[in-house]
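J.: Need the 3D shape of this:
(chains A, B, C and D)
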2 protein chains.
Amino acid sequence: MYYDLKETDSLAHSTAVQVSREIGRRIVSGNYKPGDLIEDEMSLSERFSVSRSVVRDAVKILVGKGLLEVRRGIGTRVQERTKWGLLDNDVLAWHLSSPPDREFLRQLMEVRLIIEPKAARWACEHGRDKQLAEIEIAQTRMEEEQSSIEDFVIADALFHRAIFRASNNEIMRAMEGLIFSALLSSIRLTNKDPRKNKESILFHRKVADAIIQRDADKAEARMESLLGDAGHRLKKQINTPKK
Amino acid sequence: MYYDLKETDSLAHSTAVQVSREIGRRIVSGNYKPGDLIEDEMSLSERFSVSRSVVRDAVKILVGKGLLEVRRGIGTRVQERTKWGLLDNDVLAWHLSSPPDREFLRQLMEVRLIIEPKAARWACEHGRDKQLAEIEIAQTRMEEEQSSIEDFVIADALFHRAIFRASNNEIMRAMEGLIFSALLSSIRLTNKDPRKNKESILFHRKVADAIIQRDADKAEARMESLLGDAGHRLKKQINTPKK
DNA sequence: ATTTTTTAAACATCATATGATTATAATTGT
DNA sequence: ACAATTATAATCATATGATGTTTAAAAAAT
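T.: Predicted coordinates for the structure are as follows:
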């Protein structure tokens, strides 16, 4: 419930989108399980106090994201996880309002570890000056952010996002959502104040510097270190059951 | 119009999904441009000979994929490309019914080149025996396929998909659609009979063997060669304007 | 026990009406 | 003339009710 940034910002107001978010969260959080039939349109419209039209709009959104399958005469059922559009920004965001899933997070980090170093490289090779400046801005903001944990993590995410954007690869850009999901999940899971970790900020500084200097090799290597370090600390935290 | 595999297979019948595909294609193919207002619900419902409800369902699907933004009082406008869920399987598939975009394809290959070698590695490390068997099956099918170009390319795609699946990483799996899009686009662009390329089949054979033997290092390296080779030939083709 | 028929549940589509929001045009005040 | 205000038309949002189609399951017939 805490971290509720982005998501389909356009139209975050419309009731249909709200309902789709509500249902989407229940699906992602395992409240509705794959294969399950969810309630019929009438029940849903009563439960959310909206008309059937709204329910249908909401369901259509989720069908588009691969979370639901509707068959007339049968009902609406939750798709198998393999059908889900896991890279959809909303779907990723919904993961944040569910109990953090360690295995999912591990896989997320695994992918980040191969994606982001290349993003850093491409930022050096194809990034426009203005885009690199954005990276520096995000870095500074992260170094200076002391007010809240949340703001710090968001600054962190913006840093990584700036790199994705500077890579000037559309496919890469489409993965931006991964970062927010991974970072916020990781914070919630480890429950540690990331501002305390001066070492991490140093890692970021080094990456930023390399990119600004357009030293692709260095940037790639340093991003690997950064993520490797984060992943390592994360793993330690995770494998040590908190209580 | 040729290559029309997968897409939201569930419910490919419902009119709403058909209409969403039609509009989606127009957007992806640049027929409707980002920032443009598309026709209002009434006109669309007349154009497609369906009711407004169906149009609204269709539009909702596209809103969910980030292609459209609806604002009451204004209309429905096409989102900026950066908002698109480019990794959505439908969106990728719609690219296939548009004139191939060289730059998009280049970026796709760029990403494949960093993703797939790791997928091959993880297949070795985490793949279940049955999943590896699937890879071998796909490989055999590719070697034996001689009937049509299309079938051959599909066999090729299934080979790569089998590897993604064997990686047992959900995020990775969610990228399956990339393969189909990349392979089919590439064929349409170069307009060359891939069956003729015995060398390519050999590359695939080597990758498959390495994975079956669960030799992660070899698998990763060989997948790099495979994609590097493909990318290289593709580049040559592309940069040589046909006619 | 098997096949056929009927029925009820559920979604698909259509049609219509009303409310809310927005941009634009018309009006008014100065 | 210019600015501020107001009215209007366009467009989507939501609600409601009716009818059609599909499916699964119950009932009936053989």
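J.: from here on, contacts and neighbour counts on C-alpha atoms
T.: OK.
J.: so how many other residues sit close to residue A:74?
T.: Neighbour count for residue A:74, taken as other C-alpha atoms under 10 Å in any protein chain shown: 9.
J.: Same check on the one 5 residues further on?
T.: For residue A:79, the number of neighbouring residues by other C-alpha under 10 Å comes to 21.
J.: separation between it and residue A:30?
T.: 12 Å (C-alpha to C-alpha, to the nearest Å).
J.: Look at the closest residue to residue A:52 other than its chain neighbours and say how many residues are nearby.
T.: Leaving aside its chain neighbours, residue A:52 sits nearest to residue A:45 (5.5 Å; criterion: C-alpha to C-alpha, 6 or more residues apart in numbering or on different chains). Neighbour count of residue A:45, defined by other C-alpha under 10 Å: 18.
J.: what about stretch A:154-162, distance to the chain center?
T.: The chain centre lies 11 Å from the centre of stretch A:154-162; the measure is C-alpha atoms, centre = their mean, to the nearest Å.
J.: For the residue lying farthest from the centre of chain A, what is the enclosing helix or strand?
T.: Taking C-alpha atoms, centre = their mean, the residue of chain A most remote from its mean C-alpha position is residue A:73, at 36.0 Å. Under the criterion DSSP states H and E, no helix or strand holds residue A:73.
J.: Please report phi then psi for it.
T.: phi 90, psi -20 (degrees, to the nearest 10).
J.: Next: residue A:112.
T.: Backbone geometry at residue A:112, expressed as degrees, to the nearest 10, gives phi -60, psi -40.
J.: pLDDT at it, what is it?
T.: Per-residue pLDDT puts residue A:112 at 95.
J.: residue boundaries of the strands in chain A?
T.: Ranges of strands within chain A are A:68-71, A:75-78, based on DSSP state E.
J.: What is the least confident helix or strand in chain A?
T.: Here the helix or strand of chain A ranked lowest by mean pLDDT, DSSP states H and E is helix A:216-239, holding a mean of 84.
J.: Within range of DNA strand D, give me the residues from chain A.
T.: A:14-16, A:49-54, A:71-74 (C-alpha under 7 Å from any atom of the strand).
J.: Which of those sits closest to residue B:100?
T.: If you rank those by distance to residue B:100 using C-alpha to C-alpha, residue A:71 comes first, at 33.9 Å.
J.: Now do residue A:41 against residue A:70, distance only.
T.: 11 Å.
J.: shouldn't residue A:109 be in contact with residue A:180?
T.: No - Residue A:109 is not in contact with residue A:180 according to C-alpha atoms under 8 Å; the separation is 11.7 Å.
J.: Show the contacting residues for the closest residue to residue A:104 other than its chain neighbours.
T.: The shortest distance from residue A:104 to any non-neighbouring residue, by C-alpha to C-alpha, 6+ apart, is to residue B:170 (7.6 Å). Neighbouring residues of residue B:170 by C-alpha atoms under 8 Å, 6 or more residues apart in numbering or on different chains: A:82, A:86, A:104, A:107.
J.: Could you report the neighbour count for residue A:13?
T.: The number of residues packed near residue A:13 is 10, by other C-alpha under 10 Å.
J.: related to what we said a few turns ago, any residue of the least confident helix or strand of chain A touching chain B?
T.: No - Helix A:216-239 stays clear of chain B (C-alpha under 8 Å from any C-alpha of the partner chain), getting no nearer than 12.7 Å.
J.: just the CA coordinates of that helix, formatted as CSV?
T.: Extracted C-alpha coordinates of helix A:216-239, given in CSV (Å, rounded to 0.1, in the frame of the first residue of the first chain):
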residue,chain,number,x,y,z
ALA,A,216,31.8,2.4,-22.0
ASP,A,217,34.0,-0.4,-20.7
LYS,A,218,34.3,1.2,-17.3
ALA,A,219,30.6,2.0,-17.1
GLU,A,220,29.6,-1.5,-17.9
ALA,A,221,32.1,-3.0,-15.4
ARG,A,222,31.1,-0.6,-12.7
MET,A,223,27.4,-1.2,-13.2
GLU,A,224,28.2,-4.9,-12.8
SER,A,225,29.9,-4.2,-9.5
LEU,A,226,27.0,-2.1,-8.3
LEU,A,227,24.4,-4.7,-9.0
GLY,A,228,26.6,-7.6,-7.9
ASP,A,229,27.1,-5.8,-4.6
ALA,A,230,23.5,-5.0,-4.2
GLY,A,231,22.5,-8.6,-5.1
HIS,A,232,25.0,-10.0,-2.7
ARG,A,233,23.8,-7.9,0.2
LEU,A,234,20.2,-8.7,-0.7
LYS,A,235,20.9,-12.4,-0.8
LYS,A,236,22.5,-12.3,2.7
GLN,A,237,19.5,-10.4,4.0
ILE,A,238,17.0,-12.7,2.4
ASN,A,239,18.6,-15.9,3.6
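J.: hey, where'd the helices end up in chain A?
T.: With helices called from DSSP state H, chain A shows them at A:15-28, A:41-47, A:52-64, A:89-96, A:102-126, A:129-144, A:149-166, A:170-173, A:176-190, A:198-212, A:216-239.
J.: For residue B:206, find the nearest of those.
T.: Residue B:206 lies closest to helix A:102-126 among these, at 23.1 Å (C-alpha to C-alpha).
J.: buried sites along that closest one?
T.: A:104-125 (16 or more other C-alpha atoms under 10 Å in any protein chain shown).
J.: same question, stretch A:172-190
T.: Those would be A:172-187, A:189-190, for stretch A:172-190 by 16+ other C-alpha under 10 Å.
J.: One more: stretch A:74-94?
T.: For stretch A:74-94, by 16+ other C-alpha under 10 Å, it's A:76-79, A:81, A:83-94.
J.: And it, end to end?
T.: Terminal residues of stretch A:74-94 are spaced 27 Å apart (C-alpha to C-alpha).
J.: what sits up against that stretch?
T.: So stretch A:74-94 is contacted by A:4-8, A:21, A:24-25, A:27-29, A:32-40, A:65-70, A:175, A:177-178, A:180-181, B:65, B:85, B:87-89, B:170-171, B:173-174 (C-alpha under 8 Å, 6+ apart).
J.: and those residues, which are buried?
T.: For the contacts of stretch A:74-94, a neighbour count by 16+ other C-alpha under 10 Å gives the buried set as A:7-8, A:21, A:24-25, A:27-29, A:32-34, A:36-38, A:65-70, A:175, A:177-178, A:180-181, B:65, B:85, B:87-89, B:170-171, B:173-174.
J.: Where does pLDDT dip in chain A?
T.: A:1-12, A:194-196, A:237-243 (pLDDT under 70).
J.: Get me the contact residues on it for DNA strand C.
T.: So chain A meets DNA strand C at A:39, A:40, A:41, A:42, A:56, A:70, A:71, A:72, A:73, A:74, A:75, A:76 (C-alpha under 7 Å from any atom of the strand).
J.: Let me know whether the third one touches residue A:52 as I believe.
T.: Yes - in this structure, residue A:41 is within contact of residue A:52 by C-alpha under 8 Å, at 6.1 Å.
J.: Can you pull up the most central residue in chain A?
T.: By C-alpha atoms, centre = their mean, chain A has its centre lying nearest to residue A:181, at 2.4 Å.
J.: so who does that one touch?
T.: Residue A:181 makes contact with A:92, A:93, A:95, A:96, according to C-alpha under 8 Å, 6+ apart.
J.: at 10 Å instead, please
T.: Residue A:181 sits next to A:3, A:89, A:91, A:92, A:93, A:94, A:95, A:96, A:105, A:108, A:157 when contact means C-alpha atoms under 10 Å, 6 or more residues apart in numbering or on different chains.
J.: For residue A:205, find the nearest of the strands of chain A.
T.: Closest among the strands of chain A, using C-alpha to C-alpha: strand A:68-71, at 43.1 Å.
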